[in-house]
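Asker: sequence and predicted structure are below.
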Amino acid sequence: MEKIDKYVRVCDVTSEGMNEGFCIEDGHMYIKNKSDMINHIKSVGYKTLDEAYNDEYYYYTEWYEVFDEQDEYYTKDGKLIN
């Protein structure tokens, strides 16, 4: 039997499943990789990650604690699992 990895969020840049990463504007957007996050914050006018963080534009988090509470999950490639 094939093991299926489950993720609770999907990255808005890569469309990959994620269990940790950057949460932008309290869930408006999720980004998995730091390099993608740096590109994103520059595209919206911030110069550094620190500047965006201090402005409360984003925070970095892990969703492992809520893993058992989820009704829906995603595969590594971002497909929904019910």
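Answerer: Structure received.

Asker: from now on I want contacts and neighbour counts done on CA atoms only, so please keep to that.
Answerer: OK.

Asker: okay, now residue 73: neighbour count?
Answerer: Residues near residue 73, counting by other CA atoms under 10 Å, number 20.

Asker: the top helix by length along the chain: what's the following helix or strand?
Answerer: Longest helix of the chain, by residue count under DSSP state H: helix 34-43. As assigned by DSSP states H and E, the chain's next helix or strand after helix 34-43 is helix 49-54.

Asker: next up, the contacts around the closest residue in space to residue 62 that isn't next to it in sequence.
Answerer: Nearest residue to residue 62 in three dimensions, chain neighbours excluded: residue 20, at 4.0 Å (CA to CA, 6 or more residues apart in numbering). By CA atoms under 8 Å, 6 or more residues apart in numbering, the contact set of residue 20 is 32, 60, 61, 62, 63, 64.

Asker: and residue 52, by the same measure?
Answerer: Residue 52 is in contact with 41, 46, 58, counting by CA under 8 Å, 6+ apart.

Asker: mind listing what's buried along stretch 41-59?
Answerer: 41, 46, 49, 52, 58, 59 (16 or more other CA atoms under 10 Å).

Asker: any chance of those residues in CSV, with pLDDT and distance to residue 73 too?
Answerer: Formatted as CSV, those follow (pLDDT from 0 to 100; distance: CA to CA, whole Å):
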residue, pLDDT, distance to residue 73
41, 97, 27
46, 98, 32
49, 97, 29
52, 98, 29
58, 98, 23
59, 97, 22
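
Asker: need the max-distance pair from those.
Answerer: For the buried residues of stretch 41-59, the farthest-apart pair by CA to CA is 46 and 59; their separation is 14.4 Å.

Asker: can you tell me the element the residue positioned nearest the centre of the chain falls in?
Answerer: Nearest to the mean C-alpha position of the chain, by CA atoms, centre = their mean, lies residue 30 at 3.4 Å. Element membership of residue 30 [criterion: DSSP H and E] is strand 29-31.

Asker: from residue 60, how far out is the closest residue to residue 38 other than its chain neighbours?
Answerer: Counting by CA to CA, 6+ apart, the nearest residue to residue 38 once its immediate chain neighbours are dropped is residue 49, at 6.6 Å. Separation of residue 49 from residue 60 (CA to CA, to the nearest Å): 11 Å.
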